[in-house]
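Q: predicted model, plus sequence, below.
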Amino acid sequence: MPSKNILLVLAHSEPRSLNGALKDLAITTLTAAGHTVTVSDLYAMKWKAVADAGDFTDEPAGDRFYYARSSARGYKGGTQTADIVAEQKKLIAADAVILQFPLWWFSMPAIMKGWIDRVFAYGLAYGIGYEGGRYGTRYGEGSFVGKRALIVTTTGGQATHFTDRGVNGGIEDLLFPLTHGTLFYTGLDVLPVHAINGSNRLTDEQYAIESARYRERLTALFTDAPIPFRKQNGGDYDEALRLKPGVEGTATGLSIHRGD
Ligand SMILES: Cc1cc2nc3c(=O)[nH]c(=O)nc-3n(C[C@H](O)[C@H](O)[C@H](O)COP(=O)(O)OP(=O)(O)OC[C@H]3O[C@@H](n4cnc5c(N)ncnc54)[C@H](O)[C@@H]3O)c2cc1C
């Protein structure tokens, strides 16, 4: 396997946490496989989570602020703040991105949402390819085609709570806004979510099992099959971008957007 660049984005405030240990495990495993790992440790970086006018150095005084418009101008004109530009460079250089976080209220912690809001700029991640009657270059197309993404999350809830009939709902459904609406939207191949459940009280034995399971996923980062989301412009959706009748077979809910 040729050497690859991996960007690991971590949202946890405590280096001695389970998430901190998993981050170290990922660095060790991927580096031993000959890859280069760049870490964006968002709390350690004191990452600014809120997207606002302060993200641009040329925001005209007195204008009504509209984030997408300023993002487009800032990305194209080079007037985004340095922290955003640095993360975009890391993202563009990456062959794979790992987003690692504890599940908070069925989602990612705000600091990671803020990383996406600010780094996934207009003109880079969205707002591209509207020409020729196509509704955008997105959902399987886009700037990040050719890159892979893996979400690694630790949960307080037990594995059974996140199954198809589990009280929390399935983990792939809960994280669909991230896997489908963000990562696949911008062109990445998204691997099945790696969840470490019941993580509040892991025994040493369980930690050893979870470490081995995570190492396997890391080793297969460039070979595992991605979630087979349907491409927006792949023929399954009609002009109004509704799935054509019957295409889903027996699938229901959000899984109608998968092609398997
Ligand atoms: C605001 C908030 C919202 C939340 N929302 C949800 C939710 O919606 N759904 C849900 O399921 N959960 C939820 N949780 C729970 C949360 O997901 C877990 O507490 C978190 O994932 C645990 O990860 P951690 O890294 O903080 O663990 P830590 O507290 O650091 O560690 C957990 C356990 O792992 C073991 N451990 C840690 N490090 C090691 C090591 N190096 N070696 C061996 N064992 C180790 C220890 O036994 C430790 O007690 C929420 C928590 C908060 C604070």
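A: On my side now, so go ahead.
Q: what is the burial count for the closest residue to residue 197 other than its chain neighbours?
A: Spatial nearest neighbour of residue 197, chain neighbours left out: residue 159 (4.2 Å); criterion: CB to CB, 6 or more residues apart in numbering. Where C-beta positions appear, they are placed from N, C-alpha and C, glycine not excepted. Neighbours of residue 159 under the rule other CB atoms under 10 Å: 13.
Q: show me where the protein has its strands.
A: 5-10, 36-41, 96-102, 148-154, 189-190, 194-196 (DSSP state E).
Q: quick check: residues of the stretch 101-250 of the chain near the ligand?
A: By CB under 6 Å from any ligand atom, the part of the stretch 101-250 of the chain that sits against the ligand consists of 102-106, 154-157, 199-202, 204, 207.
Q: of the residues you listed, buried ones?
A: Taking 16 or more other CB atoms under 10 Å as the criterion, what is buried in these is 102-104, 154-155, 157, 199, 202.
Q: which two from those end up farthest apart in space?
A: Farthest pair in those (CB to CB) is 104 and 202. Separation: 17.9 Å.
Q: so where's the stretch 1-150 of the chain uncertain?
A: Along the stretch 1-150 of the chain, the parts satisfying pLDDT under 70 run over 133.
Q: ranges for the helices of the stretch 101-250 of the chain?
A: Ranges of helices in the stretch 101-250 of the chain, per DSSP state H, counting those that start in this stretch, are 110-119, 171-174, 176-178, 204-219.
Q: for the third one, packing partners?
A: Contact partners of helix 176-178 among helices and strands, from 3 or more CB pairs under 8 Å, 6 or more residues apart in numbering; DSSP states H and E: none.
Q: now the longest one
A: Of the remaining helices and strands, those touching helix 204-219 by 3+ CB pairs under 8 Å, 6+ apart are helix 18-32, strand 148-154, strand 194-196.
Q: flag every buried residue along that helix.
A: Going by 16+ other CB under 10 Å, helix 204-219 has these buried residues: 210, 214-215, 217-218.
Q: pull the number of nearby residues for residue 198.
A: Other residues near residue 198 number 17, with proximity taken as other CB under 10 Å.
Q: and residue 190, how far from the ligand?
A: 21 Å (CB to the nearest ligand atom, to the nearest Å).
Q: now do that residue, the pLDDT please.
A: Residue 190 is assigned a pLDDT of 98 by the prediction.
Q: related to what we said a few turns ago, columns distance to residue 236 on top of the strands of the chain, output as CSV?
A: Output for these, formatted as CSV (distance: least, CB to CB, whole Å):
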stretch, distance to residue 236
strand 5-10, 30
strand 36-41, 34
strand 96-102, 26
strand 148-154, 21
strand 189-190, 17
strand 194-196, 27
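Q: tell me which of the helices and strands packed on helix 204-219 sits most buried.
A: strand 148-154 (a mean of 23; mean count of other CB atoms under 10 Å).
Q: other SSEs contacting that one?
A: Under the contact criterion of 3+ CB pairs under 8 Å, 6+ apart, strand 148-154 touches helix 18-32, strand 96-102, strand 189-190, strand 194-196, helix 204-219.
Q: just the angle between it and strand 96-102, please?
A: Between strand 148-154 and strand 96-102, the angle comes out at 10 degrees (axes from the mean of the first three to the mean of the last three CA atoms, to 10 degrees).
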